[in-house]
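In: Coordinates for the following, if possible.
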Amino acid sequence: MFIREKSQVTPVEWGSGPSHRLLVEADNMGFGICHTVVRAGTKSRLQYRRHLEACYCISGSGRVEAADGSVAQDLTPGVLYVLDEHDAHFLIASPEADMELVSVFNPPLRGDESHALSDEAFSQY
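Out: Take a look at the predicted model:
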């Protein structure tokens, strides 16, 4: 057993906010956990080609949209969205406040990854 507090983890700037990578590949658990802030008013084009991800909104609000527009969901505390097919998507935080997510990755992140966000392509890692 081990214990890790968020305050013990140096956040990584993932592209639209800080992310505390609480459980990473080096922990040998087979999955990873992150506490991620999505800055208010940001819209990020994202895709995980090597990871599956589930995100649970714990504060703030926003929206997740499939790249092709086929799925769109408002995000508020208590809502979970799952990227189970390496889905290209838009993650949009409301302009009023930052949105906070707890994310589970399979396989886990190394912990130092960040996105190169642009308006033309979906950022991947």
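In: Okay, strands next: where are they in the chain?
Out: Taking DSSP state E as the test, the strands found in the chain are 12-13, 18-23, 32-38, 43-47, 52-59, 62-66, 72-75, 80-83, 89-93, 99-106, 123-124.
In: Tell me which of those strands sits nearest to Met1.
Out: strand 18-23 (13.0 Å; CB to CB). In short, each C-beta sits where N, CA and C put it, glycine included.
In: Please convert the strands of the chain to a markdown table, extending it with distance to Glu113.
Out: Listed next are the strands of the chain as a markdown table, based on distance: least, CB to CB, whole Å:
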| stretch | distance to Glu113 |
| --- | --- |
| strand 12-13 | 7 |
| strand 18-23 | 8 |
| strand 32-38 | 10 |
| strand 43-47 | 11 |
| strand 52-59 | 12 |
| strand 62-66 | 19 |
| strand 72-75 | 22 |
| strand 80-83 | 15 |
| strand 89-93 | 15 |
| strand 99-106 | 10 |
| strand 123-124 | 10 |
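In: Would you single out the least confident of these?
Out: Ranked on mean pLDDT, the bottom entry among the strands of the chain is strand 123-124, at a mean of 72.
In: Can you give the distance of that strand from its chain's centre?
Out: In terms of CA atoms, centre = their mean, to the nearest Å, the centre of strand 123-124 is found 12 Å from the chain centre.
In: List the contacts of the closest residue in space to Leu80 that isn't next to it in sequence.
Out: Leaving aside its chain neighbours, Leu80 sits nearest to Tyr56 (4.8 Å; criterion: CB to CB, 6 or more residues apart in numbering). Tyr56 makes contacts with Val79, Leu80, Leu101, Val102, Ser103, as judged by CB atoms under 8 Å, 6 or more residues apart in numbering.
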